[in-house]
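In: no sequence on hand, only this structure:
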């Protein structure tokens, strides 16, 4: 054991102290007695003022977290899931998943970033070099997600500029009346005029210059908003975070004045408790909470790294999480109030058509589940067209709101990548403006693939195989690293030192047992669906005017697995590399531990109950 002991002494003590990767070392009493997160001699190397940027104020930081967490999914995904999975009954699994999965991981990301004052790339590296791959994977995933997510924002920009005309260009068919009549004017405008969508992934695509130019504008905005770090993005965040709530409130007032709007709300919230017996409902709730809070992207870690060490990150995480869920519920009320009005109009048209082959039932029109781009660019857009002469005003507000939500999330995602790049010593001498410019130009060039007529299909691939599976894996490793490599007890002490509040027993149990199990179940559930149902995508069938499921071609399946591979290979690769050559340790940032201990002294009673010692003894 002497060889092992000497090897352990050489390792740098970071967030958790020197932790060897493996059960043998995790059980060692040497680590159980260590409470300092950074070695004393390392503290001497770290300057008290490291020149790191800080938020102008706490309110700005909270708005940045809200803008990053609240995104397009709150508007176009949650209402659909609520309507699909038992209405008001869906709020039961949704709330439970928020408590057992969402908030615990949110606390981890804010606390780790604030404690170590580094971006996601170096945070896990500093905890232990074996964990360096977590940060690399997080950055790769964030980069790839920003590339495709910004494409959705570019579509919103196209609609925004077209919204200033009356009547709107999507209210009538200007050509190909046959295809337009099969679907609707708004559907035709989306699929044919905006995307000029290809018949499938197997058809040679064309380049759509309108989308390409919109992408140029989108990434130009991202560049100027992030070029000065949080000093530039922090100013923009006041608009991107607050404006969506103003627009939602305006739409709520308008929706309450629409006839038959109550039908939509009744349909949305009428509880059907039988759905709670369906495992898929619980899986949908867990998945929605995870992605709604923008976990594992690294943006939360990056933003919290610019906060003072004595900030109450524990309370911040809880507040932002509940704001995010309130926003989802608020948006659902607005959307289904408007859709209740639209469903009654569709019912009137159906009755007026006198077609015996089509049953005219209000429930059928209300039950038409739409989410994503179908809700945004087709269904809701068509409803706005019936707002009368003020419809252009509401269309402008609606798409400006979507742009604000999209940019708020993009700024946080890109900031997470940039923070990681700025923290790399090899890039320290390169101007930050140049790094930001290179990142935005590379992202723009890669995003041109979404300007193809098959871009919507490619976006579906990225959304699932970059924005779903890799994020789940990264989050699983994040929470298990803190719970088992670092230790719940030490992590709770960190939070107490910074915030003065000891985490509740519920969150401690979630970190160690519940949350990892939930994420593992989500991942296994997804893989089970892939194994049983295969890999498919939705393609537009112009003969029926709808998007229908289609089998993914072989080359596209290869792309799916390749995207996941290049996102996650860094986790095992970094661990293997460190085992072979021993990666260099990360120099810790200054942490005023002595001052914080005077403010929040840790006595012998801290986590001294029998249950604490039994479950969380490190």
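Out: Sure thing, it's come through. Not measured: the values here are computed from a predicted model.

In: quick check: which ranges of this structure have low pLDDT?
Out: For the chain, the stretches with pLDDT under 70 are 1-51, 174-177, 355-357, 369-370, 604-605, 608, 618.

In: so where's the longest helix in it?
Out: For the chain, the helix with the greatest residue count under DSSP state H is helix 313-353.

In: and that helix, how far from the chain's centre?
Out: Relative to the chain's own centre, helix 313-353 is displaced by 19 Å; criterion: Cα atoms, centre = their mean, to the nearest Å.

In: after it, next one along is what?
Out: Next helix or strand after helix 313-353 toward the C-terminus (DSSP states H and E): helix 362-366.

In: ok, residues contacting the helix or strand following that following helix?
Out: Moving toward the C-terminus from helix 362-366, the next helix or strand (DSSP H and E) is helix 373-374. Applying Cβ atoms under 8 Å, 6 or more residues apart in numbering, the contact partners of helix 373-374 are 76, 152, 155, 190, 456, 547. Where you see a C-beta, it was placed from the backbone N, CA and C, and this is true even at glycine.

In: mind listing what's buried in the stretch of helix or strand residue 524 belongs to?
Out: Following DSSP H and E, one finds residue 524 within helix 515-533. In terms of neighbour count (16 or more other Cβ atoms under 10 Å), helix 515-533 has its buried residues at 515-516, 518-519, 522-523, 525-526.

In: ok, those residues vs residue 130, which is closest?
Out: residue 516 (17.7 Å; Cβ to Cβ).

In: my read: the closest one touches residue 483, true?
Out: Yes: Residue 516 is within contact range of residue 483, at 6.9 Å (criterion: Cβ atoms under 8 Å).

In: re earlier: which helices and strands does the helix or strand that the helix holding residue 524 is followed by pack with?
Out: Where DSSP H and E defines the elements, the next helix or strand beyond helix 515-533 is strand 536-541. With contacts taken as 3 or more Cβ pairs under 8 Å, 6 or more residues apart in numbering; DSSP states H and E, strand 536-541 sits against helix 455-465, strand 546-551.

In: winner for burial among those?
Out: Highest mean neighbour count among the helices and strands packed on strand 536-541 (mean count of other Cβ atoms under 10 Å): helix 455-465, with a mean of 21.

In: tell me what angle that helix forms with helix 515-533.
Out: Note on geometry: by axes from the mean of the first three to the mean of the last three Cα atoms, to 10 degrees, helix 455-465 and helix 515-533 are set 130 degrees apart in direction.

In: which strands or helices does the very next helix or strand once past helix 455-465 pack on?
Out: In the C-terminal direction, the helix or strand that comes right after helix 455-465 (DSSP H and E) is helix 469-480. With contacts taken as 3+ Cβ pairs under 8 Å, 6+ apart, helix 469-480 sits against helix 103-116, helix 132-162, helix 279-292, helix 515-533, helix 554-568, helix 570-581.

In: so for residue 236, which of the ones you listed sits nearest?
Out: The closest of the helices and strands packed on helix 469-480 to residue 236 is helix 132-162. By Cβ to Cβ, the value is 13.7 Å.

In: ok and that closest one relative to helix 103-116, angle-wise?
Out: 110 degrees.

In: quick one, what contacts residue 78?
Out: 288, 292, 328-329, 331-332.

In: any idea which of the residues you listed is closest to residue 582?
Out: Closest to residue 582, out of all of the contacts of residue 78 and judged by Cβ to Cβ, is residue 292, at 39.5 Å.

In: my guess is that closest one contacts residue 329, does it?
Out: No: with contact defined as Cβ under 8 Å, residue 292 does not count as touching residue 329 (11.3 Å).

In: the more surrounded of the two?
Out: The residue with more neighbours, out of residue 292 and residue 329, is residue 292; 24 against 16, by other Cβ atoms under 10 Å.

In: from residue 161, how far out is the more buried one?
Out: For residue 292, the distance to residue 161 equals 29 Å [Cβ to Cβ, to the nearest Å].
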